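Peer 1: below are the sequence and a predicted model; questions follow.
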Amino acid sequence: MAIGLFVREAGHTGPGKVFYADLWGERGDKDKQGTKYNYLATHDVTTTQWTPIQPDAPFYFFVGRDLPVLTDEYRSWPSVTDMFEVGSMGIVTGQDNRAYAFDQATLHNQLEGSVDAECFKLATYRPFDERHIAYHTSVVTRRREDVMRHLFHPNLALVTFRHTRRPTQMRVFTARHVADARLLSSESNCYAFPLYRYTDQPVANGQMALDMSGGAGREPNLNARLLPALTAQYEMEVTPEEVFYYLYGVLNASGYQTEFETLLQVDFPRIPFTADYDAFCRMAEWGQRLIALHLLEAPDLQGMANLTVGYAVAGDDRVEQGYPQYNSTEGRVHINPAQYFESVTQAMWDYKVGSYNPLEKWLKDRRGRTLSADDRRHYETFATAIGKVLAELPQVEVAWNLIRDGDWFDPLE
């Protein structure tokens, strides 16, 4: 919690002074030395050790922040909010257990038929975890319809954070459907930026219908200056998809995430645009590859023969309480004492998207459920995809180093 004491001095002119103090430790008892309650009971404003701070633009932090010396360089790059015309926080239901379901029949039963099935939509709930949602005002508290309606049509969305409470690797994911606010973390809300905007018209049941009349349809959800500036710089036509892929590649580069970790914790990501067309294409190529893997659409994920993770032991296929459990020696993810997915490396098990470990999270959310054949195949597929992502990341790093060591330009100047 935070306590603010604001003092207005008569006759004072100019900026105010800001002082900060924090208190960490056990809450405890007021008579126990070293506890928070004891400190509060034995100190007041005059005896508290205050640290003077100077809130500066653009964040005006009321706490001490040790931002890196690269702040000015980083802030010269355009933010994702500058590049996309529309974007918003993900949707919030306030009642996920009622609003979401693994299938439409269950969702209908949860709502006791109170919502028309036409309002049932697919949503990207967590990484590699799509669920059905009743996208209706009586169920979803914050629908973010001005943005999410564009994901009712063929589209892609860049999903990332504005800020996080703690350092977080892999701060980005992609979605083809409505995105939940907690898609990337249980602690910090995420934001979705669609690649395209569609011309829609509301209809009677509160949903949206695509209006294709008069040549209407879709247009890039990108700053109007972005594509012409890139095309002029590279002397080659640049497509909206290439820009999206490039952004995704940069945001997945561990060198980028590590170097600017502190700055990424406090605001939307900022992206340097390389002045070199070959470097742009190289990063866009790897970004496209990562998107295909994260969406499970890569050709080398199709068909059982391409899956490196298996599930072969017969049983009731139930995810028992206390599971999943990972055995690093055998490379197995157990869903109960007898059954397991195999050929899962430690790196795959540890792989994170936002604050989640997808291989653990997906199964934890299904404790007590019996996995269907489709469920098991899906887990095998996205586990294999994670292994392929890890194999590609060194190449993403090479592409990032070319950008970091080269020249940049600002396409939005």
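Peer 2: Cool, got the structure.
Peer 1: make it CA atoms for all contacts and neighbour counts henceforth
Peer 2: OK.
Peer 1: pretty sure Ala385 is in a strand, no?
Peer 2: No - assessed by DSSP: H, G, I helix; E, B strand; the rest coil, Ala385 does not belong to a strand; its assignment is helix.
Peer 1: quick one: the strands in the stretch 201-350 of the chain?
Peer 2: The residue ranges that make up the strands of the stretch 201-350 of the chain, judged by DSSP state E, counting those that start in this stretch, are 208-210, 218-220, 273-274, 325-327, 332-334, 340-342.
Peer 1: as JSON lines, these with mean pLDDT would be great.
Peer 2: Output for these, formatted as JSON lines (pLDDT from 0 to 100):
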{"stretch": "strand 208-210", "mean pLDDT": "45"}
{"stretch": "strand 218-220", "mean pLDDT": "94"}
{"stretch": "strand 273-274", "mean pLDDT": "98"}
{"stretch": "strand 325-327", "mean pLDDT": "98"}
{"stretch": "strand 332-334", "mean pLDDT": "98"}
{"stretch": "strand 340-342", "mean pLDDT": "98"}
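Peer 1: wait, which of those strands is closest to Ala10?
Peer 2: Shortest distance between Ala10 and the strands of the stretch 201-350 of the chain, using CA to CA, is found for strand 273-274: 50.0 Å.
Peer 1: direction included, what does the closest one pair against?
Peer 2: Strand pairing for strand 273-274, determined by DSSP bridges: strand 408-409 (antiparallel).
Peer 1: which residues are contacting the partner strand?
Peer 2: Taking contacts as CA atoms under 8 Å, 6 or more residues apart in numbering, the residues outside strand 408-409 that touch it are Pro272, Phe273, Thr274, Ala275, Asp276.
Peer 1: got the contact list for stretch 374-381?
Peer 2: The set of residues that contact stretch 374-381 without belonging to it, under CA under 8 Å, 6+ apart, is Leu296, Leu301, Leu307, Thr308, Val309, Gly310, Tyr311, Phe341, Leu359.
Peer 1: single out the most deeply packed of the strands of the stretch 201-350 of the chain.
Peer 2: When neighbours are counted by mean count of other CA atoms under 10 Å, the highest per-stretch mean among the strands of the stretch 201-350 of the chain falls to strand 273-274, a mean of 24.
Peer 1: Phe273 contacts Leu412, doesn't it?
Peer 2: No - here Phe273 does not reach Leu412: they are 10.3 Å apart, not a contact under CA atoms under 8 Å.
Peer 1: quick one, what contacts Phe128?
Peer 2: Applying CA under 8 Å, 6+ apart as the definition, the contact partners of Phe128 turn out to be His294, Leu295, Pro358, Trp362, Phe382.
Peer 1: could you rerun that using 6 Å?
Peer 2: For Phe128, no residue meets the contact criterion (CA atoms under 6 Å, 6 or more residues apart in numbering).
Peer 1: need the pLDDT of it.
Peer 2: pLDDT for Phe128: 98.
Peer 1: report pLDDT for the residue lying closest to Tyr248 once chain neighbours are set aside.
Peer 2: Among residues not flanking Tyr248 along the chain, Gly287 sits closest, at 5.1 Å (CA to CA, 6 or more residues apart in numbering). Predicted confidence (pLDDT) at Gly287: the value is 98.
Peer 1: Gly287: what's it in contact with?
Peer 2: Neighbour list for Gly287: Tyr245, Tyr246, Tyr248, Gly249 [criterion: CA under 6 Å, 6+ apart].
Peer 1: for those residues, pick the one with the most neighbours.
Peer 2: Gly249 (27 neighbours; other CA atoms under 10 Å).
Peer 1: tally of neighbours for Pro32?
Peer 2: For the record, residue 32 is Lys, not Pro. Using other CA under 10 Å, Lys32 has 12 neighbouring residues.
Peer 1: which residue ranges make up the domains of the chain?
Peer 2: According to automatic domain parsing, the chain is divided into the following domains: 1-65, 80-271.
Peer 1: most tightly surrounded among the ones you listed?
Peer 2: Across the domains of the chain, the average number of neighbours (mean count of other CA under 10 Å) peaks for domain 80-271, which reaches a mean of 19.
Peer 1: where along the chain do the helices fall?
Peer 2: Shown for the chain, the helices assigned by DSSP state H span residues 36-42, 71-75, 80-83, 96-99, 104-110, 145-148, 226-234, 240-252, 254-259, 261-264, 277-294, 346-350, 358-364, 373-404.
Peer 1: got any ranges where the stretch 51-200 of the chain has weak pLDDT?
Peer 2: Residues of the stretch 51-200 of the chain that meet the criterion pLDDT under 70 lie in 56-70, 200.
Peer 1: ok, 80 please
Peer 2: Counting by pLDDT under 80, the stretch 51-200 of the chain contains low-confidence ranges at 51-71, 165-169, 200.
Peer 1: between the contacts of stretch 374-381, which is nearest Gly28?
Peer 2: Within those, the smallest distance to Gly28 is 37.8 Å, found for Leu359 (CA to CA).
Peer 1: tell me how many other residues surround the closest one.
Peer 2: Burial of Leu359, expressed as a neighbour count using other CA under 10 Å, amounts to 24.
Peer 1: burial of the residue nearest to it when sequence neighbours are not counted, as a residue count?
Peer 2: Excluding its sequence neighbours, the residue lying closest to Leu359 (CA to CA, 6+ apart) is Trp349, at 6.0 Å. Other residues within reach of Trp349, judged by other CA under 10 Å, total 21.
Peer 1: Trp349 and Glu392, how far apart?
Peer 2: Computed as CA to CA, to the nearest Å, the Trp349 to Glu392 distance reads 17 Å.
Peer 1: about what we covered before: could the strands of the stretch 201-350 of the chain go into a markdown table alongside distance to Ile3?
Peer 2: Listed next are these as a markdown table, based on distance: least, CA to CA, whole Å:
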| stretch | distance to Ile3 |
| --- | --- |
| strand 208-210 | 45 |
| strand 218-220 | 45 |
| strand 273-274 | 42 |
| strand 325-327 | 42 |
| strand 332-334 | 46 |
| strand 340-342 | 49 |
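Peer 1: most neighbours, which of the contacts of stretch 374-381?
Peer 2: Ranking the contacts of stretch 374-381 using other CA under 10 Å puts Leu359 first, with 24 neighbours.
Peer 1: for Asn223, what are its contacts?
Peer 2: If you count contacts by CA under 6 Å, 6+ apart, Asn223 has them with Met83, Phe84, Glu85.
Peer 1: so what's it closest to, chain neighbours aside?
Peer 2: Met83 (5.1 Å).
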